[in-house]
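*Asks:* Just the structure for this:
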Amino acid sequence: MDSRKRVNKTHSIPQVIVIGTSAGGLLALKKLINQLQEDFPAPMLVVQHISPDANGNVLLDALNSLGKLKCEHAISGGIIKPGHLYLAPSDHHLMIDRDQTMLVTKGAAENRSRPGIDPLFRSAAVAFRNKVVGIILTGYLDDGVAGLEVIKRCGGICIVQDPEDAEYPDMPKNALAHVEVDHCLPISEMGGLLYQLMSRKLGKLKSIPKDIQIEAKIAQRVLSDLPSVNALGDQVPFNCPGCGGVLWKVSDSWPIRYRCHTGHAYTESSLLAEQTMKIEETMWTALRMFEERKNLLTTMAREHGGATAKSALERAELSGVHIDRIKAILKSNDKGTSKDLPG
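*Replies:* Take a look at the predicted model:
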């Protein structure tokens with residue numbers, strides 16, 4: 001079957017569901033999928049934050065053991081089918097291409113995550129517009145908030161897990177704070193709602209805002225050109241912690257977001273968390289170098305006499321002062337909170 005015929009098959013997809021979750025996601029997804037049947041009339045695409053060296057098989061095995069939807073890893077170019085759940089592979093973004101097939105790429109991390117929730121939600125909104133249902137479940141920080149807002153702007157439906165029901169309520173709370181969601185409810189009630197939404201009458205299609213189109217293209221092609229990023233906002237006086245490049249503040253974005261020209265993207269909180277981590281890495285490197293310097297100077301003082309030994313000891317003592325200061329900084333409480341940790 002040629003590619004044109006395969007692509008046309010995807011046009012029969014009535015709606016698509018995209019889900020983003022982080023810490024606590026395994027249990028939440030199991031509770032949700034267990035409410036659905038094999039013939040569920042829409043495909044589900046899921047981003048679960050996992051470490052780069054994980055393979056996601058534990059999650060897939062747990063979901064497949066329920067005997068409900070067919071759950072599998074997403075494959076670039078694959079056709080999305082009703083009754084199937086597609087999980088983003090570790091260390092790769094999962095997106096929906098304009099021809100409504102899956103796109104799996106190793107693009108720049110967004111909100112410190114790859115896979116990231118925002119790239120999936122944004123691409124789904126561009127490809128399906130008002131046929132998208134976006135769901136934010138349990139997790140840390142605020143990945144998925146900007147993507148959920150894009151779904152809303154393109155006419156889709158936004159669902160957020162009730163924070164009181166979430167094992168880790170940060171992501172649901174941030175979504176509720178920044179997006180006018182359509183539904184906020186516990187996991188136990190989501191299955192019935194999804195069946196209701198699958199039979200809803202779709203309204204008139206909305207045009208896709210230009211800024212959403214630009215950001216979708218940036219994520220899909222990995223490297224963007226400066227005119228594209230310039231169209232999104234203005235440069236700011238700090239750099240991308242991911243690549244060292246210049247950052248742009250995305251105009252009219254809430255929560256406030258930043259992008260670099262290579263594709264890294266951050267909300268304020270994720271940018272602060274990444275800066276905190278980079279600072280700590282730098283401090284540990286500085287500590288090691290000062291300790292090595294002190295050891296060398298102490299050795300020189302033992303092996304030399306006179307003025308050379310005296311100078312080496314003085315410099316070793318000064319290195320010791322710097323070592324104590326760095327240790328005090330590393331031991332302080334000003335290194336962020338649990339909310340700065342990746343989900």
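*Asks:* Now do the same for residue 53: helix, strand or coil?
*Replies:* coil (DSSP: H, G, I helix; E, B strand; the rest coil).
*Asks:* Give me the buried stretch members for the host helix or strand of residue 176, please.
*Replies:* Assigned by DSSP states H and E, residue 176 belongs to helix 170-178. The neighbour-count check on helix 170-178 (16 or more other CB atoms under 10 Å) flags 170, 171, 172, 173, 174, 175, 176, 178 as buried. C-betas here are computed from N, CA, C, even on glycine.
*Asks:* Need those in CSV (columns: distance to residue 164 and pLDDT).
*Replies:* Shown next, in CSV, are the buried residues of helix 170-178 (distance: CB to CB, whole Å; pLDDT from 0 to 100):
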residue, distance to residue 164, pLDDT
170, 13, 95
171, 14, 96
172, 9, 97
173, 10, 97
174, 15, 95
175, 14, 96
176, 11, 97
178, 19, 94
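*Asks:* quick one: which of those is nearest residue 125?
*Replies:* Taking CB to CB as the measure, residue 125 lies nearest residue 175 of the buried residues of helix 170-178, at 15.0 Å.
*Asks:* pretty sure that closest one contacts residue 147?
*Replies:* No: counting by CB atoms under 8 Å, residue 175 does not reach residue 147; the two are 9.7 Å apart.
*Asks:* so where do the strands sit in the chain?
*Replies:* 16-21, 44-48, 70-73, 84-87, 93-96, 102-105, 132-136, 157-161, 183-185, 233-239, 246-250, 257-260, 265-267 (DSSP state E).
*Asks:* Compare those strands and report which one is nearest to residue 322.
*Replies:* The nearest among the strands of the chain, by CB to CB, is strand 233-239 at 25.3 Å.
*Asks:* Could you give the separation of the closest one from the chain centroid?
*Replies:* Distance of strand 233-239 from its chain centroid, counting by CA atoms, centre = their mean, to the nearest Å, is 21 Å.
*Asks:* Just the terminal-to-terminal distance for stretch 15-26.
*Replies:* Stretch 15-26 stretches 24 Å from its first residue to its last (CA to CA, to the nearest Å).
*Asks:* so for that stretch, what's the average pLDDT?
*Replies:* Averaged across stretch 15-26, pLDDT comes to 97.
*Asks:* Okay, buried residues for it please.
*Replies:* 15, 16, 17, 18, 19, 20, 21, 22, 23, 24, 25, 26.
*Asks:* so how far is that stretch from its chain's centroid?
*Replies:* Distance, stretch centre to chain centre, for stretch 15-26: 12 Å (CA atoms, centre = their mean).
*Asks:* try stretch 155-168
*Replies:* 16 Å.
*Asks:* List the buried residues for it?
*Replies:* 155, 156, 157, 158, 159, 160, 161, 162, 163, 165, 166, 168.
*Asks:* and if you look at stretch 315-324?
*Replies:* Buried-residue list, stretch 315-324, by 16+ other CB under 10 Å: 315, 316, 319, 320, 322, 323.
*Asks:* Just give the nearest non-adjacent residue to the residue nearest the centre of the chain, would you?
*Replies:* Centroid check for the chain by CA atoms, centre = their mean gives residue 116 as the closest residue, at 3.0 Å. Counting by CB to CB, 6 or more residues apart in numbering, residue 116 lies nearest to residue 110, which is 3.8 Å off, once chain neighbours are set aside.
*Asks:* Isn't the one you found up against residue 144?
*Replies:* No: with contact defined as CB under 8 Å, residue 110 does not reach residue 144; the gap is 10.0 Å.
*Asks:* Now do the shared contacts for the two.
*Replies:* Counting by CB atoms under 8 Å, 6 or more residues apart in numbering, the shared contacts of residue 110 and residue 144 are residue 118.
*Asks:* neighbour count winner among the two?
*Replies:* residue 144 (34 against 30; other CB atoms under 10 Å).
*Asks:* just to revisit the earlier point, tell me the pLDDT at the residue nearest to residue 116?
*Replies:* 92.
*Asks:* How about residue 188?
*Replies:* 97.
*Asks:* show me what contacts it?
*Replies:* 31, 35, 165.
*Asks:* Disregarding residues adjacent in the polypeptide, which is nearest to the first one?
*Replies:* Of all residues not flanking residue 31 in the chain, residue 187 sits nearest, at 4.5 Å (CB to CB, 6+ apart).
*Asks:* Which parts of stretch 193-211 count as buried, going by neighbours?
*Replies:* Buried-residue list, stretch 193-211, by 16+ other CB under 10 Å: 193, 194, 197, 208, 211.
*Asks:* Show me what it is in contact with.
*Replies:* 14-15, 17, 36, 40-42, 125-126, 129-131, 133, 153-155, 157, 159, 183, 185, 231-232, 250-252.
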